[in-house]
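Asker: everything below, folded, please.
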Amino acid sequence: MTGTEEAVGRIDTTRPHPARVYDWFLGGKDNYPVDEELGRRITEIESTAPQSARANRAFMRRAVRHLAAEQGVRQFLDIGTGIPTEPNLHQIAQSVAPDARVVYVDNDPIVLAHAGALLRGTPEGVTEYLQADALDTASILEQAAKFLDFGRPVALSLIALLHFMKDDDGPHAMVDTLVDALAPGSFLVLSMMTADFDPVNVRRGIDAYAAGGVTLVARSRAEVGAFFGESEVLEPGVVPVAEWHPEEPIPAGSAPVPLYGAVGRTS
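Answerer: Numbering: from 1, shown residues only. The predicted structure follows:
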């Protein structure tokens, strides 16, 4: 891992960045005017965009807590980490199991610049950050094996990552390669954008991102489910993220956010 000063020097503040726009949606401070401008433009088109970001983050928290507390998972590999937003994945996992081992992976300089915040885990556990492209599975697995035991179950987290990849980029092959490297009884956690509920506004949001130089791909419920392959998708299945084991009742008549989420167990 290179120094954070070098990473800061490589951050392009003239173009919006997905991680920084997401940070703005969450009310964070690690974004620039160009990111806020795109965030506001998207919110004007789709007023629930910040709500969707918060719902996605809440899904991650519930899924990790479930895996650590109910499934006994003690190893997590989070790819496409994004800018740290507390509570981070390792904080949730290690609050349940202080000896949990968490490896974050991202290739963006903005994330590397904040890696110090990611690395503050429990003394009993492991919290590491790797710099690698999500599609470079060989590098990810080689580096992660220094901190994770792939002979034991690992939870692979791909939260709000795959919708930044076109089918031509090879996201299915990427997921298959990573899952194949996991021990039986491991888990795949993912969330992904969909146009199933509000195709017009989602298309407008995709176009707004495209105008900022960011590619987004919306996928149907069946297309999201296909990423699980032979894995057993846990109840309640592939559902809008807010409907995955909600901690509070969902208000009647509320529209689902345009994100599916699910958790699968590998065989």
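
Asker: for residue 177, list the residues it contacts.
Answerer: By C-beta atoms under 8 Å, 6 or more residues apart in numbering, residue 177 lies in contact with residue 137. (Glycine included, C-beta is placed from N, CA and C.)

Asker: quick check: phi and psi on it?
Answerer: The phi/psi pair for residue 177 (degrees, to the nearest 10) reads phi -60, psi -40.

Asker: report the central residue of this protein.
Answerer: Centroid-nearest residue in the chain, with C-alpha atoms, centre = their mean: residue 159, separated by 2.0 Å.

Asker: would you check that that residue makes contact with residue 61?
Answerer: No. Between residue 159 and residue 61 there is no contact under C-beta atoms under 8 Å: 10.3 Å.

Asker: so who does the residue nearest to the centre of the chain touch?
Answerer: Residue 159 sits next to 56, 59, 60, 78, 80, 189, 190, 191 when contact means C-beta under 8 Å, 6+ apart.

Asker: can you rerun that using 10 Å?
Answerer: Counting by C-beta atoms under 10 Å, 6 or more residues apart in numbering, residue 159 touches 56-57, 59-60, 63-64, 78-82, 89, 189-192, 241, 259, 261.

Asker: now swap in residue 188 and tell me
Answerer: Neighbouring residues of residue 188 by C-beta under 10 Å, 6+ apart: 154-158, 175, 178-179, 182, 227-229, 231, 233, 262-266.

Asker: try it again with 6 Å
Answerer: Contacts for residue 188 (C-beta atoms under 6 Å, 6 or more residues apart in numbering) come out as 156, 179, 231, 264.

Asker: which of the three states applies to it?
Answerer: Assigned with DSSP: H, G, I helix; E, B strand; the rest coil, residue 188 falls in the strand class.

Asker: for it, list each beta-bridge partner.
Answerer: Per DSSP bridges, the residues bridged to residue 188 are residue 156, residue 264.

Asker: what residues sit buried inside the helix ranked longest in the chain?
Answerer: Ordering each helix of the chain by length in residues (DSSP state H) puts helix 49-69 first. Buried residues in helix 49-69, defined by neighbour count with 16 or more other C-beta atoms under 10 Å: 49-60, 62-68.

Asker: now do it: which elements does it pack against?
Answerer: Applying 3 or more C-beta pairs under 6 Å, 6 or more residues apart in numbering; DSSP states H and E, one finds that helix 49-69 contacts helix 18-25, helix 89-96, strand 187-193, strand 259-265.

Asker: neighbouring strands of the helix or strand just after that helix in the sheet, and parallel or not?
Answerer: For helix 49-69, the following helix or strand on the C-terminal side (DSSP states H and E) is strand 75-79. Here strand 75-79 is paired, per DSSP bridges, with strand 101-106 (parallel), strand 155-159 (parallel).

Asker: now whichever helix or strand comes after the first one: how far from the chain's centre is it?
Answerer: So that's strand 101-106. Note on strand 101-106: by DSSP H and E, the next helix or strand toward the C-terminus is helix 109-113. In terms of C-alpha atoms, centre = their mean, to the nearest Å, the centre of helix 109-113 is found 16 Å from the chain centre.

Asker: after helix 109-113, which helix or strand is next?
Answerer: helix 115-118.

Asker: contact partners of that next one?
Answerer: 84, 104, 129.

Asker: quick check: the last one touching residue 104?
Answerer: Yep, that's residue 129 we're talking about. Yes. Counting by C-beta atoms under 6 Å, residue 129 does reach residue 104; the two are 4.7 Å apart.

Asker: neighbour count winner among the two?
Answerer: residue 104 (26 against 21; other C-beta atoms under 10 Å).

Asker: just list whatever residues bridge to the more buried one.
Answerer: Note on residue 104: beta-bridge partners residue 78, residue 129, judged by DSSP bridges.

Asker: residue 253: what secondary structure?
Answerer: When the rule is three-state DSSP, residue 253 gets the label coil.

Asker: can you report phi and psi for it?
Answerer: Here is the backbone geometry of residue 253 (degrees, to the nearest 10): phi 80, psi 0.
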